[in-house]
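Trainee: below is the sequence, then the predicted model.
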Amino acid sequence: MDTRQLEYILTIAEEKNLTRAADRLFLTQSALSQQLSKLEAEGLPPLFTRHKGEMQLTDAGKIYINGARSILKIKGDAQEALKDLSQAKIHHIHIGVCRLFQPLYYERILPWLKRSYPDVEVTAVTPKLGQVRNLLENNEIDLALFASRQRTKFLKYIPLQEDELVTAFLPALEDAPLPLALPAPDTHLRQLADEACGNAQQVMPIYAEPEDLRSAIALAKMGECAALIPKSLVRGTGLACSSLNPPFHYQNTIVIRRGTPLPIIRDICDWIQRYGFRDGCQA
């Protein structure tokens, strides 16, 4: 049944007058009268009777009106629930941030989130190696920022920027046999570094495995070693860099669950794509 008909009959019952009901509904009186006649033509008993110039409900009309109110309430509740969903009335989001992107997240992305969504609590999680898919599928995080060369069909990958693992060193030490500062074990970037070194068949002594790549850069600037780091981090350090052989490229990505993301998640992804990676993974 067309819910507009329910609204028409309910308005007539409230106004007790066809003309006033038509005005309220922005219809002509004849159009509203036709709707009433259409219901009676469907085999319904009379819903109204005229008494002293007013349209009053019959017993059948009272039953009809009670049902109409129930149906319209269900419709209204459903529309409100859908509206709430579309507006993403959530109060807490969890973001997986691999160590590589933590300076960028805390110094650029999080301040924007706090300004844009002051009523939403944001928690950053550092996923362990291989955990991202499980955390997303189990709804433990809403999106993840990490570096990857592999993809799975179960998740949606939003590319941010292609980067390259390079060795960074003082220009004066370009030809020196330097040991390497590698990313910390059991991190996403270390997984990429191990793959890169394996592809290049390079076996170099490990000088250090710092958690923070800024420490690796500091060691390289001191001339203690070369640092195996993303090329985007070399800019502005005064270090020279060299590609591996073969060069090792990877993708900085946002990863979310497949399907239609909530508006707040879509907004976060759009902002990071536009502004979050203007300088690579540097903050």
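Mentor: Thanks, I have it.
Trainee: contacting residues for Lys128?
Mentor: Contact analysis of Lys128 by CB atoms under 8 Å, 6 or more residues apart in numbering lists Asp186. Every residue, glycine included, has its C-beta placed from N, CA and C.
Trainee: contact partners for Pro46?
Mentor: 40, 58, 60-61.
Trainee: tell me the SS of it?
Mentor: coil (DSSP: H, G, I helix; E, B strand; the rest coil).
Trainee: picking that back up, of the contacts of Pro46, the lowest pLDDT goes to which?
Mentor: In terms of pLDDT, Glu40 ranks lowest among those, with 77.
Trainee: gap between that residue and Gly276?
Mentor: Distance, Glu40 to Gly276, by CB to CB, to the nearest Å: 63 Å.
Trainee: just Glu15 next, same as before
Mentor: 57 Å.
Trainee: and the two? Which one has more around it.
Mentor: Between Glu15 and Gly276, Gly276 has the larger neighbour count (other CB atoms under 10 Å), namely 24 against 17.
Trainee: ok, the more buried one touching Glu107?
Mentor: No. In this structure, Gly276 is not within contact of Glu107 by CB atoms under 8 Å, at 10.8 Å.
Trainee: ok, the nearest residue to Gln56 once chain neighbours are set aside - contacts?
Mentor: Nearest non-adjacent residue to Gln56, counting by CB to CB, 6 or more residues apart in numbering: Thr49, 5.7 Å away. By CB under 8 Å, 6+ apart, Thr49 lies in contact with 55-58.
Trainee: which parts of whichever strand or helix holds Thr49 are buried?
Mentor: Using DSSP states H and E, Thr49 sits in strand 48-51. By neighbour count with 16 or more other CB atoms under 10 Å, strand 48-51 contains the buried residues Phe48.
Trainee: adjacent strands (with direction) for the longest strand seen in the chain?
Mentor: Determined from DSSP state E, the single longest strand within the chain is strand 240-257. Sheet pairing of strand 240-257 (DSSP bridges) gives strand 143-148 (antiparallel), strand 155-169 (antiparallel).
Trainee: ok, which of those comes nearest Asp2?
Mentor: Across the strands paired with strand 240-257, Asp2 has its closest neighbour in strand 155-169 (38.9 Å, CB to CB).
Trainee: what element comes up after that closest one heading to the C-terminus?
Mentor: Next element after strand 155-169 (DSSP H and E): strand 180-181.
Trainee: spit out the contact partners of Ser33.
Mentor: With CB under 8 Å, 6+ apart, Ser33 has these contacts: Leu18.
Trainee: tell me the buried residues in whichever strand or helix holds it?
Mentor: Assigned by DSSP H and E, Ser33 belongs to helix 29-41. Neighbour counts over helix 29-41 (16+ other CB under 10 Å) mark 32, 35-36, 39 as buried.
Trainee: quick check, nearest of the residues you listed to Thr3?
Mentor: Of those, the one sitting nearest to Thr3 (CB to CB) turns out to be Gln35, at 12.5 Å.
Trainee: and the pLDDT at the closest one?
Mentor: Note for Gln35: predicted pLDDT of 83.
Trainee: try Lys89
Mentor: If you check Lys89, the pLDDT there is 59.
Trainee: quick revisit: among the strands paired with strand 240-257, which is the most enclosed?
Mentor: Mean neighbours per residue, mean count of other CB atoms under 10 Å, is largest over these for strand 143-148, with a mean of 23.
Trainee: just put the contacts of Pro46 in TSV and tack on distance to Pro177.
Mentor: Converted to TSV, the contacts of Pro46 look like this (distance: CB to CB, whole Å):
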residue	distance to Pro177
Glu40	98
Thr58	100
Ala60	97
Gly61	96
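Trainee: would you show me how to pick out the buried ones of these in ChimeraX?
Mentor: In ChimeraX, this line selects whichever of those come out buried by 16+ other CB under 10 Å:
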select :61
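Trainee: list just the nearest of the contacts of Pro46 to Arg20.
Mentor: Closest to Arg20, out of all of the contacts of Pro46 and judged by CB to CB, is Gly61, at 17.1 Å.
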